[in-house]
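1. A predicted structure for the sequence below; I have some questions about it.
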Amino acid sequence: MTEDELNDLTVAVCESMPGAEETHPFGPESTVYKVAGKVFALISAGSGSLGVNLKIPPEDGEALRQVEGITAGWHMNKKHWITVDFVDAMDPALLTELIEDSYEIVRSALPKKTRLALDDPEV
């Protein structure tokens with residue numbers, strides 16, 4: 001996939017997450033997706049190429065950084081975040097899984113009442 005297609009995929013997956021909110025706290029060149037005010041994805045060209053910062057379980061970091069196009073989180077805690085560059089070699093299925101996992105890590109740390117409200121907005 002091209003850089004633009006991977007960006008479009010990332011936006012679509014982020015926007016499909018329950019309660020996801022698109023913000024631009026760092027200006028128009030960076031898009032930050034949050035759930036209940038907590039960041040789960042940051043799309044920018046900050047590392048030199050367009051990519052997305054995603055939260056990961058710390059124990060998965062070393063293995064993920066062995067994948068072409070994945071590095072330690074740019075301007076983030078290197079133990080808890082990775083940067084996925086939108087390079088041709090990036091597997092769209094892996095990117096989708098990493099976005100969903102990042103969302104779930106952040107969501108799981110939210111208070112129970114907030115998590116339930118995400119599942120059922122009528123709560």
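-> Nice, I can see it. The model shown is predicted, which means the values in this text are computed figures rather than measured ones.

2. when you work out contacts or count neighbours from here on, use the C-alpha atoms and nothing else.
-> OK.

3. list the contacts of V87.
-> V87 makes contact with M1, T2, E3, G69, according to C-alpha atoms under 8 Å, 6 or more residues apart in numbering.

4. quick check: closest non-adjacent residue to the third one.
-> Pointing back at E3 there. Ranked by C-alpha to C-alpha, 6 or more residues apart in numbering and with sequence neighbours excluded, the top spatial neighbour of E3 is F86, at 4.9 Å.

5. for that neighbour, what are its contacts?
-> Residues near F86 by C-alpha under 8 Å, 6+ apart: T2, E3, L6, N7, S49, L50, G51, V52, G69.

6. so which of those are in strands?
-> Mapping the contacts of F86 onto strands (DSSP state E) picks out G51, V52.

7. quick one: name whatever helix or strand follows the top helix by length along the chain.
-> Counting by DSSP state H, the longest helix found in the chain is helix 92-108. Downstream of helix 92-108, the next assigned helix or strand under DSSP states H and E is helix 112-119.

8. helices and strands of this structure: which one bottoms out on pLDDT?
-> Counting by mean pLDDT, DSSP states H and E, the weakest-scoring helix or strand in the chain turns out to be helix 112-119, with a mean of 87.

9. residues of that one that come out buried?
-> By 16 or more other C-alpha atoms under 10 Å, the buried positions in helix 112-119 come out as T114, R115, L118.
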